[in-house]
Structures are given as structure tokens and as C-alpha cells.
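Trainee: any chance you can model this:
(2 chains)
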2 protein chains.
Amino acid sequence: MTSSPQQDIQNSVTFDLSAYLSERQKAVEVALDQAIANRYPETIYNAMRYSLMAGGKRLRPILCLSSCELVGGTEAMAMPAACALEMIHTMSLIHDDLPAMDNDDFRRGKPTNHKVYGEDIAILAGDGLLTYAFEFIAARTQDVPADRILQAIVHLGKAVGPGGLVGGQVVDLESEGNPDVTVETLTWIHRHKTGALLEACVACGAILGGASKSDLANLLQYAQDIGLAFQIVDDILDITASPEELGKTAGKDAQAQKATYPSFWGLDASRQEADRLISHAKSLLDPFGERAVPLQAIADYITARTH
Amino acid sequence: MTSSPQQDIQNSVTFDLSAYLSERQKAVEVALDQAIANRYPETIYNAMRYSLMAGGKRLRPILCLSSCELVGGTEAMAMPAACALEMIHTMSLIHDDLPAMDNDDFRRGKPTNHKVYGEDIAILAGDGLLTYAFEFIAARTQDVPADRILQAIVHLGKAVGPGGLVGGQVVDLESEGNPDVTVETLTWIHRHKTGALLEACVACGAILGGASKSDLANLLQYAQDIGLAFQIVDDILDITASPEELGKTAGKDAQAQKATYPSFWGLDASRQEADRLISHAKSLLDPFGERAVPLQAIADYITARTH
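Mentor: This next block holds a predicted model:
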């Protein structure tokens, strides 16, 4: 099922994505700010807050909230899970940046966690955020049956553990500097390192909102499609964008001889594949009608960056 | 309420702690072995298993199982939580041993995780175990109402996060080499770094087994008492035991000018305080009658090492 041209026009006329994202982002910032107290021992709470409150588009929590509403739930039902997802995303960034991993000194223009607090505290800040995420979703989710909350926790665990984000990171580390990485391995890495958490965002939102099994399956495929499209677009931009557009050094992948989608398929075919994925992702949500507009607009927003 | 001398004699006659611990330990080993599959990417599952299956008394899972049975639950109800607790304990050891933390090359006579798999994989193995622990308890606990499982997860999260183990580790790191550490700070560190997880062991078992609020409160105090007694005894043994008895170098604390209970109170008063705590811990369980025997024997076992 695909959307009609008339429907697309109507949606683009009536829906202001940028206002939607900005409003949601503000709500998430407030909830995150309230989530972490500042008590003794201050060092660890400060270190956790330093990275958690460092900005970003908050796309993951927004996907969680929007998916919950898509299936008929409320923002309040999904907000603790949305915060938990951002805590876990932040944990993965803090640990990725460590000297033993990617050894990055800056993130979003600010010194990385270990540059400010030291490696020991940065490791513990990640552990603290990861743990607190599970506690937070279990303790703070309200007006949702307990078995749904448990289901969301299971989904989140699978997405982050060795069968998800952690496993993806391992294969990424093992593939570094290997010139024989196949496109299948590249996709495996992305699906686990970044895709699994995006899938968990829509899954947690949908489960908490009371989604049917088939709705959940469609949403998971939607997340998988936009996650992969996002990665392809990122690879394209690394080649085509100016440093100003990109906000970081361009051509880094080629310099590092990193396997990318354009290196396998070329630029044009990569663009086409990203478009196909986005179009497929959007069509999966057509059965939801008007309610699907925000998530469909978010999908479009991803490829819009390359045109 | 304290146990009568007659009761103590009867218990010690009929209860074989060493057989009890050994049988429980075997059951836990089997459950842990089955808990972690070995699939792609093998590196991370191998690294997680390497530390998880490295032996140890499995005291934490045993406390969880025994507490569940104490309040009328079954071993099966608490086994996933018991495994989760051991996974989290293992995670804390892997991260503690890292070069950025305690920088230990050996644990239980084997090279530490990062010496075998590298720092990057060791960090990820810890993250994997921590995440999987929460997934495991949520996904595998059976025949227990969902709201009790959620309550156990909340308790576990609090015990491990910045208000528990992680916070205790931070204050321990900050107190290193500080000659002005007070006995209050020392106790704060122990209560959070090691005590909180012990409390979570009895709490998870008791909650899953359907404990009343007052039973839970008594068990938490029991765990707090034996945890502190264990630490005091450890400090005493570091001074009094021969290297053969200790299985490690004695006098390490004094050499490192580390604050210990005997350094504040002297040896005799430290022994008396450990005895008082154990006796208090045991008396808290008297209302459970015969069912309390295993946990009371475990409490005795802790101070028996100093006599």
C-alpha cells in the first residue's frame, strides 16, 4: 500500500515537521533534566548529566513518543522509556569515545566525558546511565500494565546487549582496517550498532501504547528501513557535502579506507537505495492514516539531506 | 527476638551448610552456563562467559535463592534473578580491573578480562553482561506476577546505579590516598560498593517469592548486617591471616595506607562489632523458624573465618 499523491500534498501542507520536532525535543529535555537528581556523590551525577544534557536532536526519544501515539497511546505512557533510550544512547557514546575504543576528544563541540572527568569516572558514568535507564523505565512508567513494561524492557535489553548494540560495536572494532569487509558485514554492523536501538525506540513506544503484533512488526520494519537509509545518507554526505554543511571534516571515511555504501554501490545507486528504503518505510505506516504523518515526515527528513 | 541455645544446637546438628552451599552452587553454575549462548559475534559471548564462568562461591545468587525460599517461593522463581545478580557482580569486577580503574592483571588466578580480550572488548563485555542481566530477569522469570518482576528490577537498578554500586565505586576512587577518610565514609563506601548488591540479592529473592513489606525490611537489614560484618572480617584477616590462609598477600591494606575498620577501632573491637552484626542479622530471621536456618548458617559462616 502506498500513499496517494493527494494525501502526500495534504500532509505536507498541514504538517509542520520542524515545529513538531522542536516541541517534542523541548518536552524530552525537560523530562531528562528532571530524571537525574544531583546528590552525593555529586561527581557521578555531574558526569552522567554532562553527557546526557549535551544537546542533540533527541531523535530516539521522539521516535518512541511518536510510535506510542501512533498506536493510540499517550506521550506520558512513553516518556520514561523515551528518556531511558536517550540515557542508553548517551552511555554508548561515552564508552565509544574512550581511549580504548575510538579515542575521541570532542563530541558536539565539547570535550568528551573522559576528557572532563577522567577515564575511570567516564566508564562508571556509562555504567550508571545504562543501569539507571532500566530502573527508570521500570519505576517511572505509569498507567501501563506491568506485562507491557516488562516486554519493553526485554526488547530494550535485546537491542543493547551482545545481540544488538554491543555486538555491533564488537564487529565494527574487528572490521577496522580490514579491506575485505563485505557489504553484508557493513549492513550487519549498522543494523546492530545503530539500527537495533532505533528499532527499540519504536518497539518500546508501540508496546507501551498497546500495539498489535502486526502493527509492531510494521513499525520495526519502518525503523530498520529508516536506520539503514540514515546510514547510507551519512556515507553519501561524507563524500558530497562541504565541511560547513556537514559540521565536521568531510572525506573522513575515504581517508580511513572505511567501507561505505557508495564504495560498494557508487553514489547514484546509493541515493536510489536510500529513496527506496524511505518510500517503503512510509508505505508501511499508511494503514495508520493521519496518525502516521509525523513518522512519515521524519522518514522524509532523513533523505531530504541529500537532495 | 534471639534464638535459644537449644535451637542453635538443633540447627547445627541437622543442617550441613557446606553441602547446602555446594549443591546450590552447582545449580547456579548450570543455570549460568545455559544463560549465555555462543553465537556470532563469538568474541563478545566468549569474553562475557570467560569472566562469568571463572568460578567463585556464587554467594550472591545463593542469597537470592535462599531468600525466595525463606518467604515461601521456589528456587525456579528466583533463578533468573540469581543469574542476573551474578552477571552484574561479574560486570563490576571486569570494569574494576580495567587499567583506568584498579589495573589488575589477575583475578582468581586467571588473567583479567582485558588482559585476554583487550580493554575495548572488556568494556563491552561488562556493558553486555549488565544489559543482559536486566533482559534476563525480565524475559526468563516465570510463574511470578509481572508487577513483582518489575519491583525486583527497580530494586536491582537502584542497587547498581549511581545510588548504589557505581556511586560506591566513585567515592572509593575519590578516597584513595586520602589520609583523612572517616569511618563514616568507609562505611558509606562499603554499603554502596558491595553492600547494595548483597541487599539486592535478598530483596530480589524475597520480592519474587512474595515477601510482605516487613519480611522484606528484615531481610534487607540482615543483608546490610552480614555485608558490613563481611567487610570487617576481611579487614581483620588482612592483618591476622597468613598468606596461605588468605590465598593472597596479607598486609596489603596497611601497605597501601588504606582506611580499614581495625585501623579505626583496633582488632578486638572490630571482632566484637562483626559478632554483634552477625548475631543481630540472625535474630532478624528468627520469626521464620526452621526456614531461616540456611541464611542464619550463612551469617555464621562469615565470622567463623576469624575465630
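Trainee: what's the biggest helix in chain A, counting residues?
Mentor: Using DSSP state H, we find that the single longest helix of chain A is helix A:213-240.
Trainee: mind listing what's buried along it?
Mentor: Using 16 or more other Cβ atoms under 10 Å in any protein chain shown as the test for burial, helix A:213-240 gives A:215-216, A:218-238. (Glycine included, C-beta is placed from N, CA and C.)
Trainee: sketch out the strands for chain A, chain order is fine.
Mentor: A:106-107, A:110-111 (DSSP state E).
Trainee: of the ones you listed, which is nearest residue A:162?
Mentor: strand A:106-107 (24.6 Å; Cβ to Cβ).
Trainee: how far does that closest one sit from the chain's center?
Mentor: Mean C-alpha position of strand A:106-107 versus that of the full chain (Cα atoms, centre = their mean, to the nearest Å) differs by 18 Å.
Trainee: do stretch A:62-81 as well
Mentor: That offset, for stretch A:62-81, works out to 15 Å (Cα atoms, centre = their mean).
Trainee: kindly report the same for stretch A:261-277.
Mentor: 21 Å.
Trainee: and the stretch 1-150 of chain A, which residues reach chain B?
Mentor: A:39-41, A:43-45, A:48, A:91, A:95, A:98, A:100-101, A:118-121, A:123-124, A:126-128, A:130-132, A:134-136, A:138-139, A:145-147, A:149-150 (Cβ under 8 Å from any Cβ of the partner chain).
Trainee: helices or strands next to the longest helix of chain A in the packing?
Mentor: helix A:59-70, helix A:183-190, helix A:196-209, helix A:243-246, helix A:252-255, helix A:261-265, helix A:267-284, helix A:293-304 (3 or more Cβ pairs under 8 Å, 6 or more residues apart in numbering or on different chains; DSSP states H and E).
Trainee: format those as TSV; extra columns: mean pLDDT and mean neighbour count.
Mentor: Formatted as TSV, the helices and strands packed on helix A:213-240 follow (pLDDT from 0 to 100; neighbours: other Cβ atoms under 10 Å in any protein chain shown):
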stretch	mean pLDDT	mean neighbour count
helix A:59-70	98	26
helix A:183-190	96	17
helix A:196-209	98	28
helix A:243-246	64	11
helix A:252-255	70	12
helix A:261-265	95	18
helix A:267-284	96	18
helix A:293-304	92	21
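Trainee: and those as JSON lines, adding distance to residue B:292?
Mentor: As requested, the helices and strands packed on helix A:213-240 are exported to JSON lines (distance: least, Cβ to Cβ, whole Å):
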{"stretch": "helix A:59-70", "distance to residue B:292": "45"}
{"stretch": "helix A:183-190", "distance to residue B:292": "52"}
{"stretch": "helix A:196-209", "distance to residue B:292": "40"}
{"stretch": "helix A:243-246", "distance to residue B:292": "65"}
{"stretch": "helix A:252-255", "distance to residue B:292": "63"}
{"stretch": "helix A:261-265", "distance to residue B:292": "63"}
{"stretch": "helix A:267-284", "distance to residue B:292": "57"}
{"stretch": "helix A:293-304", "distance to residue B:292": "55"}
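Trainee: which of these sits closest to residue B:303?
Mentor: Comparing these by Cβ to Cβ, helix A:196-209 comes nearest, at 46.4 Å.
Trainee: now do that closest one and helix A:293-304, the angle between them.
Mentor: In terms of direction (axes from the mean of the first three to the mean of the last three Cα atoms, to 10 degrees), helix A:196-209 departs from helix A:293-304 by 170 degrees.
Trainee: which residues touch the nearest residue to residue A:221 once chain neighbours are set aside?
Mentor: Spatial nearest neighbour of residue A:221, excluding adjacent residues (Cβ to Cβ, 6 or more residues apart in numbering or on different chains): residue A:284 at 5.6 Å. For residue A:284, the contact set (Cβ atoms under 8 Å, 6 or more residues apart in numbering or on different chains) comprises A:218-219, A:221-222, A:225.
Trainee: before we move on, what about residue A:153?
Mentor: A:134, A:137-138, B:134-135, B:138, B:153 are the contacts of residue A:153 under Cβ under 8 Å, 6+ apart.
Trainee: from chain B, how far out is residue A:188?
Mentor: According to Cβ to the nearest Cβ, to the nearest Å, residue A:188 stands 9 Å off from chain B.
Trainee: so that residue touches residue A:171, yeah?
Mentor: Yes. If you go by Cβ atoms under 8 Å, residue A:188 and residue A:171 touch, sitting 6.3 Å apart.
Trainee: now do the longest helix of chain A, average pLDDT.
Mentor: Mean pLDDT, computed over helix A:213-240, is 95.
Trainee: same deal with stretch A:82-95?
Mentor: 98.
Trainee: okay, it in PDB with CA atoms only?
Mentor: The C-alpha trace of stretch A:82-95 is given here as PDB (Å, rounded to 0.1, in the frame of the first residue of the first chain):
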ATOM      1  CA  ALA A  82      12.000   7.700  25.800                       C
ATOM      2  CA  CYS A  83      14.300   9.100  28.500                       C
ATOM      3  CA  ALA A  84      15.700   5.600  29.100                       C
ATOM      4  CA  LEU A  85      16.500   5.300  25.400                       C
ATOM      5  CA  GLU A  86      18.400   8.600  25.400                       C
ATOM      6  CA  MET A  87      20.300   7.500  28.500                       C
ATOM      7  CA  ILE A  88      21.400   4.300  26.800                       C
ATOM      8  CA  HIS A  89      22.300   6.200  23.600                       C
ATOM      9  CA  THR A  90      24.400   8.600  25.700                       C
ATOM     10  CA  MET A  91      26.100   5.600  27.500                       C
ATOM     11  CA  SER A  92      27.100   4.200  24.200                       C
ATOM     12  CA  LEU A  93      28.600   7.500  23.100                       C
ATOM     13  CA  ILE A  94      30.600   7.900  26.400                       C
ATOM     14  CA  HIS A  95      32.000   4.400  26.100                       C
END
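Trainee: burial count for the closest residue in space to residue A:227 that isn't next to it in sequence?
Mentor: With Cβ to Cβ, 6+ apart as the criterion, residue A:227 has its nearest non-adjacent residue at 3.9 Å, and that residue is residue A:195. Residue A:195: 25 surrounding residues under other Cβ atoms under 10 Å in any protein chain shown.
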